[in-house]
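[1] Sequence first, then the predicted structure, then my questions.
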Amino acid sequence: MMQRIPNKFIIILILAFVTIKLNAWEINVKNNITSSPDGYSVVLDKAAYDAKNGSKVVWDKACQEVWPANQFFNGLTRDFDNPPWAYMGYSVNLKKGTEKKYLGWFGFTVYGTNSRKPDAIVYDSVSGFNSKGGDPSFKLSNVSLSYHQDTSSFTVDGSAEKIATDGPFPNTPPATPAVFPGGSKQIILTVQGTNIVDNNGNKIILKGFSRPGLEWQETGVNLSPQDIANMKKWNCNVVRISLNQVFWAKSAPATTLGSYKQIVDAMISECIKNKMSVILDLHWTDEGNAINGQTPMADTKSIDFWTNIASTYKNFGTVIFELYNEPFEISKDTWLNGGPYDGTQPKFKGKIYVGYKQLIDAVRKAGATNLCIVNGLNWGYDLSFVGTNNGKYLIQDSNVIYGSHPYSYKGLSHTHKGVDAPLFSENFPGVLNKYPIIFTEWGGDSDNLWLDHGMYSSYLKYINDNNINYSGWAWMCIPGQPGFPCLIKAWDGTPLNGGVEIQKDMQSKPGNVIGGGGRL
């Protein structure tokens with residue numbers, strides 16, 4: 001095992017005076033930085049928004065400028081106009097020249113009337129400190145906010161240190177291509193007609209899980225060899241790994257323990273050891289921030305991402321490339337060939353995106369023949385135009401699987417959250433029984449809907465009746481967040497809600513052993 005000596009530096013966040021004028025208040029925040037790790041300076045990037053802007057303006061600006069990943073906090077749920085208030089949000093960053101490393105955020109609310117004097121300001125430390133998505137090489141601890149009435153000022157205290165980590169897979173060997181049992185012949189999955197087959201001619205049905213975490217945090221969430229093994233216990237034969245192209249691009253090589261690339265490679269290695277295939281999913285791209293959620297389509301940097309991924313794993317016949325997670329608000333032509341954003345969201349206006357043809361060309365130019373998944377429009381669901389229109393929007397490649405994300409009655413109802421969506425019978429006329437199909441995300445996407453066992457049963461019936469592959473969203477345990485469609489209630493794999501139906505399906509109608517030729 002590679003060893004690295006921890007190199008710790010302590011920084012006290014004593015703050016230099018910054019004055020922000022808000023309504024009739026002057027709010028002073030002390031900010032004195034006394035030292036720095038690895039030559040970085042710890043700085044606070046601030047934003048302040050008052051109630052008169054309205055809740056949506058406050059929310060949108062805060063999401064864009066202060067805290068990443070659309071993290072909720074209860075400070076934005078109070079009455080916006082009575083009394084007048086202001087939300088003070090700070091992201092904590094390490095900076096060295098133009099380089100910036102995000103560590104976390106904190107925020108607080110000040111409120112009162114416009115006639116109040118500064119020394120009478122009342123405040124709540126409502127949001128506290130959150131390090132979700134922070135750079136894993138550094139740690140910010142004991143962050144606290146104090147108000148000093150005598151000087152009408154605030155002080156933020158805390159400490160930052162550089163930490164060393166071997167990551168969640170310190171003992172996992174580098175991944176090597178999967179081989180058939182009892183020999184050295186590599187397993188290679190390809191498309192043959194409507195089926196996925198291995199190079200011994202065995203038909204493969206994939207049934208497994210989507211594993212989130214690596215799209216928003218460079219070390220993932222509760223990853224370990226045991227976590228991969230627990231998925232296998234359900235008869236899982238495919239694991240979909242959600243990736244962030246910014247994290248991949250800035251990662252140290254896979255030979256560096258704890259690096260992003262090493263963690264991804266180790267997950268592939270553990271899946272291969274457990275006779276499971278892997279889907280590498282480009283989940284989040286880069287719209288100027290490494291951690292900012294969904295974007296309408298892949299961008300120009302995605303070409304480099306897939307060139308690098310394909311060059312690395314082109315000899316891995318059981319590693320599948322999902323070229324982009326969920327396209328939305330773009331035209332069919334942009335979906336295929338690249339082009340402008342066609343929706344109404346201001347933050348995406350003027351953006352130019354690349355299409356699936358460019359993405360698959362990047363993979364093939366790198367020498368990779370791996371299976372590639374191409375998802376539809378309308379957040380990945382809509383494939384109604386693919387294979388119709390005289391085949392205009394078919395991807396001209398022999399190793400393509402068409403992917404769809406039927407969430408919350410998409411496919412079972414004409415209306416999804418008030419938006420029209422084609423039924424299953426209308427969504428797949430050009431691809432069903434002509435090409436392989438996979439649902440890489442599906443099920444409920446809100447508190448009430450992912451509790452609906454009947455909905456999951458209906459999806460599974462359609463899946464099994466039509467030989468559709470799937471990875472359920474999501475193998476994730478987040479206590480206290482019922483809005484996230486967790487399929488497990490504990491990391492040991494105890495099923496939860498829709499996971500109960502999926503576990504039953506995997507046990508009664510399992511997928512195939514990768515390289516084994518039979519059912520699990």
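    Yep, that arrived.
[2] Could I get the contacting residues of the nearest residue to residue 478 once chain neighbours are set aside?
    Once flanking residues are discounted, residue 478 sits nearest to residue 484: 5.1 Å by C-beta to C-beta, 6 or more residues apart in numbering. All C-beta atoms are positioned from the backbone trio N, CA, C, and that covers glycine. Contact partners of residue 484, counting by C-beta atoms under 8 Å, 6 or more residues apart in numbering, are 474, 476, 478.
[3] Am I right that the first one is in a helix?
    No - applying DSSP: H, G, I helix; E, B strand; the rest coil, one finds residue 474 to be coil, outside a helix.
[4] any idea how far residue 227 is from it?
    13 Å (C-beta to C-beta, to the nearest Å).
[5] what do you get for the second one?
    As judged by C-beta to C-beta, residue 476 and residue 227 stand 10 Å apart.
[6] Just the buried ones among the contacts of residue 484, please.
    474, 476 (16 or more other C-beta atoms under 10 Å).
[7] how about TSV for the contacts of residue 484, with distance to residue 366 and pLDDT added?
    TSV is the format used below for the contacts of residue 484 (distance: C-beta to C-beta, whole Å; pLDDT from 0 to 100):
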residue	distance to residue 366	pLDDT
474	29	95
476	31	94
478	36	83
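[8] Quick one: the contacts of residue 484 as TSV, columns for distance to residue 326 too.
    Converted to TSV, these look like this (distance: C-beta to C-beta, whole Å):
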residue	distance to residue 326
474	14
476	17
478	20
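[9] does the residue nearest to residue 478 count as helix, strand or coil?
    Assignment for residue 484 (three-state DSSP): coil.
[10] Tally up the residues packed near residue 207, please.
    26 (other C-beta atoms under 10 Å).
[11] If we ignore the residues flanking it in sequence, what's nearest it?
    residue 511 is the one closest to residue 207 (C-beta to C-beta, 6+ apart), at 3.8 Å.
[12] Return the distance of residue 457 relative to residue 233.
    As defined by C-beta to C-beta, residue 457 lies at a distance of 22 Å from residue 233.
[13] What of residue 491?
    In terms of C-beta to C-beta, residue 491 sits 12 Å off from residue 233.
[14] Which one of the two is surrounded by more residues?
    When residue 491 and residue 233 are compared for neighbours, residue 491 comes out ahead with 15 against 12, by other C-beta under 10 Å.
[15] Surely that one and residue 478 touch.
    No - between residue 491 and residue 478 there is no contact under C-beta atoms under 8 Å: 10.8 Å.
[16] What count of nearby residues applies to residue 389?
    Neighbours around residue 389, by other C-beta under 10 Å: 11.
[17] Find me the pLDDT at it, would you?
    Predicted confidence (pLDDT) for residue 389: 83.
[18] Who are the contact partners of residue 397?
    Counting by C-beta under 8 Å, 6+ apart, the residues that residue 397 touches are 360, 364, 372.
[19] Would you reformat the residues you listed as CSV and include distance to residue 193, neighbour count and secondary structure?
    As requested, those are exported to CSV (distance: C-beta to C-beta, whole Å; neighbours: other C-beta atoms under 10 Å; DSSP: H, G, I helix; E, B strand; the rest coil):
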residue, distance to residue 193, neighbour count, secondary structure
360, 19, 22, helix
364, 21, 17, helix
372, 17, 24, strand
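[20] From those residues, pick the one nearest residue 322.
    Distance to residue 322 across the contacts of residue 397 (C-beta to C-beta) is lowest for residue 372, with 7.7 Å.
[21] Break the protein down into its structural domains.
    Domain assignment for the chain, taken from automatic domain parsing, gives 11-162, 203-508.
[22] Would you convert the ones you listed into a markdown table that also reports distance to residue 192?
    As requested, those are exported to a markdown table (distance: least, C-beta to C-beta, whole Å):
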| stretch | distance to residue 192 |
| --- | --- |
| domain 11-162 | 40 |
| domain 203-508 | 8 |
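[23] out of these, deepest packed?
    domain 203-508 (a mean of 20; mean count of other C-beta atoms under 10 Å).
[24] Between the two ends of that one, how far is it?
    From its first residue to its last, domain 203-508 covers 18 Å (C-alpha to C-alpha, to the nearest Å).
[25] Same check on stretch 241-250?
    Start-to-end span of stretch 241-250 (C-alpha to C-alpha) is 18 Å.
[26] related to what we said a few turns ago, I'd say the residue nearest to residue 207 and residue 209 touch.
    No - Residue 511 is beyond contact range of residue 209, at 11.7 Å (criterion: C-beta under 8 Å).
[27] Now for those two: what residues contact both?
    With C-beta under 8 Å, 6+ apart, residue 511 and residue 209 have common neighbours 236, 238.
[28] Relative to residue 512, how far out is residue 210?
    Counting by C-beta to C-beta, the gap from residue 210 to residue 512 is 19 Å.
[29] One more: residue 310?
    The value you get for residue 310 to residue 512, if C-beta to C-beta is used, is 25 Å.
[30] Flag the shaky bits of the stretch 151-300 of the chain, pLDDT-wise.
    152, 164, 287-292 (pLDDT under 70).
[31] Residue 271 falls within a helix, correct?
    Yes - under the criterion used here (three-state DSSP), residue 271 sits inside a helix.
[32] surely it meets residue 239?
    Yes - the pair residue 271 / residue 239 is scored as a contact, 5.2 Å apart, by C-beta under 8 Å.
[33] shared neighbours, these two?
    What both residue 271 and residue 239 touch, as defined by C-beta under 8 Å, 6+ apart, is the set 228, 277-278.
[34] from the residues you listed, which single one is nearest residue 303?
    residue 278 (21.6 Å).
[35] Nearest the geometric middle of the protein, what residue?
    By C-alpha atoms, centre = their mean, the chain has its centre lying nearest to residue 215, at 3.4 Å.
[36] For that residue, give its distance to residue 190.
    28 Å.
[37] any idea how far stretch 304-322 is from the chain center?
    Distance of stretch 304-322 from the chain centroid (C-alpha atoms, centre = their mean, to the nearest Å) equals 19 Å.
[38] make that stretch 151-165, sorry
    Distance, centroid of stretch 151-165 to centroid of chain: 28 Å (C-alpha atoms, centre = their mean).
[39] which intervals of the stretch 351-500 of the chain have sub-threshold pLDDT?
    416-419, 447-448, 450, 480-483.
[40] Which parts of it are strands?
    352-353, 372-375, 400-404, 415-416, 419-420, 437-439, 469-472 (DSSP state E, counting those that start in this stretch).
[41] any idea which of the contacts of residue 484 is closest to residue 407?
    Out of the contacts of residue 484, the member with the shortest distance to residue 407 (by C-beta to C-beta) is residue 474, at 11.9 Å.
[42] Please report how far that closest one lies from residue 424.
    The spacing between residue 474 and residue 424, counted by C-beta to C-beta, is 22 Å.
[43] Over to residue 354?
    For residue 354, the distance to residue 424 - C-beta to C-beta - is 29 Å.
[44] And residue 333, which helix or strand is it part of?
    Residue 333 belongs to helix 332-337 when elements are defined using DSSP states H and E.
[45] Would you tell me what the next helix or strand after that helix is?
    Immediately after helix 332-337, counting by DSSP H and E, sits strand 339-340.
[46] Strand partners (parallel or antiparallel) of that next one?
    Using DSSP bridges, the strands paired with strand 339-340 in its sheet are strand 352-353 (antiparallel).
[47] residues making contact with the strand it pairs with?
    Contacts for strand 352-353 (C-beta under 8 Å, 6+ apart): 296-300, 330, 334, 338-341.
[48] 7 Å instead?
    296-299, 330, 334, 338-341 (C-beta atoms under 7 Å, 6 or more residues apart in numbering).
[49] and those as a markdown table, adding distance to residue 390?
    Below are the contacts of strand 352-353 laid out as a markdown table (distance: C-beta to C-beta, whole Å):
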| residue | distance to residue 390 |
| --- | --- |
| 296 | 26 |
| 297 | 24 |
| 298 | 26 |
| 299 | 30 |
| 330 | 21 |
| 334 | 19 |
| 338 | 21 |
| 339 | 21 |
| 340 | 25 |
| 341 | 27 |
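[50] and the two most separated of those residues?
    298 and 340 (13.9 Å).
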